[in-house]
Every structure is written in structure tokens, then in C-alpha cells.
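Enquirer: sequence unknown, structure follows:
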């Protein structure tokens, strides 16, 4: 190729390359959004405050206020206990339990004593006048288990109960250590309107003391606790009086 023509060809090639470069789109930076690395991630919004405990369980709501249960005893009322040595054995421990429950308690006993002593003597009227009890507990009959004619106690029992007036009352039968001749049944039939609590059924295996008659120290507490539970069940919280009774519980 002749020199002028060759020079002309090279010029055309250079011009073509220059035009191609000018028409090509310029290189641009990558504008694609990328998720930030974990270390640079924006902090998560603060957790909403809840009532949950640290262990993950929900904090329990406070229990709603409720009416007093029937097992509660009427605080401030007075309970009078009267009777023989069994009344003394029961009364001291029961008195402690009643005081712990917020009640006032009085114990009047005589050893030995009989149903007629309380029905005709001055001790019961004096105690009723002095203490003005809301509930009377009578524990008598232990010294009369072997009398040959239990029917002789019908009138004294009725007279004793009459002395109590319209006060709520419970005749607590002694826990038997021997078979009686019938006085227990006579008390059950004539103690109304008092409720009758059969201790032999309530605490059939009562531990006895050295005399094998009266309850031991352990037995006294067992008996007193059982009587207290019985009173809680027998009391009618909807009754007209603080110690209205609704009948002998099972």
C-alpha cells in the first residue's frame, strides 16, 4: 500500500475508535442498597413494658376481694366453757386456739361435778351474768356414765339448757373410755335447742393419760383442734347472731 493511502487508512481507524469511546455510557458507581453489617445494624426499638416476671411467667394479678368464708370465726365474741374435769382438759387448749383466732374465752369448771350441780347450783347463772357469752360450751356427763337410772338426768339436763336462755350452745359429750348405761343418749335427746357434739365419734382414737380416762397432753390438743374445726363448720355466717349454728356437721 502506498504511503499516502496507508496514512489515510490509519487516520480513519483512529477516528472510528475515538467515536466509539465517546458514545459508550460512562461507568457508574454501584447504587444497590445493601443491608448493614450486624455490627452496624440500627438498634431494635425498646421492648414494651409488661407485667411479666424475669422467669418469663406472667405476673399474677392480685386476687379479688372476697367475702369472709364460713370457716372464719367471729372475732371479738366471747365463748364460755363450763363443766367437769373433761371440760377443764378440753377448755384450756381450746381456749388458746380461740384466743389465737381473735375471740375472748372463759372457762368455769369444777372437779368432780355432775349435771345437777350446774342445773341447780349458783355457778352457771353467775358465770352467764358475769361474762355474757355469745356461745356456751357445756362438757358434762363423764361422771354419770355408770348411773343405774339415766332417765333421772332428763329434768336436770332440760333445766340446765333452760338457764342458758336463747344463747347459742353446744353440749360436748365426753370421749368415752367405757360403755355407758345410757346417759349419753339421754343427753342427746334432751339437750335441745343446744347442738350436741359426740366426741367419741369426733376423736375415736383419742390418746389417754396415765389414768386411761382423761386425754393426755397430746390428746387434749387433738380434741381441742377437732372441736374448733367442728365449730367452724357448724357456725352459720348468715345467721342472725355471730354464733348462730346451722346444725351438727358430719
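Expert: Yep, it's here. Just so we're clear, the structure is a prediction, and the values are computed from it rather than from any experiment.
Enquirer: residue contacts, residue 108?
Expert: 80-82, 123-124, 127 (Cβ atoms under 8 Å, 6 or more residues apart in numbering). Every residue, glycine included, has its C-beta placed from N, CA and C.
Enquirer: Make a PyMOL selection of the buried ones in these.
Expert: The PyMOL command for the buried members of the contacts of residue 108 (criterion: 16 or more other Cβ atoms under 10 Å) is given here:
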select buried, resi 80+81+82+124+127
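Enquirer: Narrow the contacts of residue 108 to those in helices?
Expert: Mapping those onto helices (DSSP state H) picks out 123-124, 127.
Enquirer: and which of those residues is nearest residue 104?
Expert: Checking these against residue 104 by Cβ to Cβ gives residue 127 as the nearest, at 13.6 Å.
Enquirer: Tell me which helix or strand the closest residue to the closest one other than its chain neighbours sits in.
Expert: Of all residues not flanking residue 127 in the chain, residue 108 sits nearest, at 4.7 Å (Cβ to Cβ, 6 or more residues apart in numbering). Residue 108 belongs to strand 104-109 when assigned by DSSP states H and E.
Enquirer: Mind listing the strands that strand pairs with, and their directions?
Expert: strand 78-83 (parallel) (DSSP bridges).
Enquirer: For the partner strand, give me every contacting residue.
Expert: Here strand 78-83 has contacts from 87, 90-91, 94-95, 98, 103-109, 113, 118, 123-124, 127-128, 131-140, 172, 243, using Cβ under 8 Å, 6+ apart.
Enquirer: what number of residues lie near the residue lying closest to residue 191 once chain neighbours are set aside?
Expert: Of all residues not flanking residue 191 in the chain, residue 171 sits nearest, at 4.3 Å (Cβ to Cβ, 6+ apart). Neighbours of residue 171 under the rule other Cβ atoms under 10 Å: 26.
Enquirer: now do residue 117
Expert: Residue 117: 18 neighbours (other Cβ under 10 Å).
Enquirer: can you check residue 74 too?
Expert: Residue 74 - counted by other Cβ under 10 Å - has 18 other residues nearby.
Enquirer: so it is in which element?
Expert: Residue 74 belongs to no helix or strand, assigned by DSSP H and E.
Enquirer: Over to residue 188?
Expert: Counting by DSSP H and E, residue 188 is found in helix 183-190.
Enquirer: got a list of contacts for the very next helix or strand once past the strand holding residue 108?
Expert: The helix or strand immediately downstream of strand 104-109 is helix 115-120, counting by DSSP H and E. With contacts defined as Cβ under 8 Å, 6+ apart, helix 115-120 is touched by 82-83, 110, 123-124, 138, 140-141, 144, 153, 156-157, 159-160, 163.
Enquirer: If we use 10 Å, what do you get?
Expert: 82-84, 87, 108, 110, 123-125, 127, 138, 140-141, 143-144, 152-153, 155-163, 171, 183, 186-187 (Cβ atoms under 10 Å, 6 or more residues apart in numbering).
Enquirer: pLDDT (mean, whole number) over stretch 95-112?
Expert: Averaged across stretch 95-112, pLDDT comes to 97.
Enquirer: er, stretch 192-204 I mean
Expert: Here the average pLDDT along stretch 192-204 is 97.
Enquirer: OK, contacts around residue 98?
Expert: Residue 98 touches 73, 77-79, 81, 91, 104-105, 135, 137, 224, 227-228, 231, counting by Cβ under 10 Å, 6+ apart.
Enquirer: Of these, grab the buried ones for ChimeraX.
Expert: Buried members of the contacts of residue 98, defined by 16+ other Cβ under 10 Å, are picked up in ChimeraX with:
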select :73,77,78,79,81,91,104,105,135,137,224,227,228,231
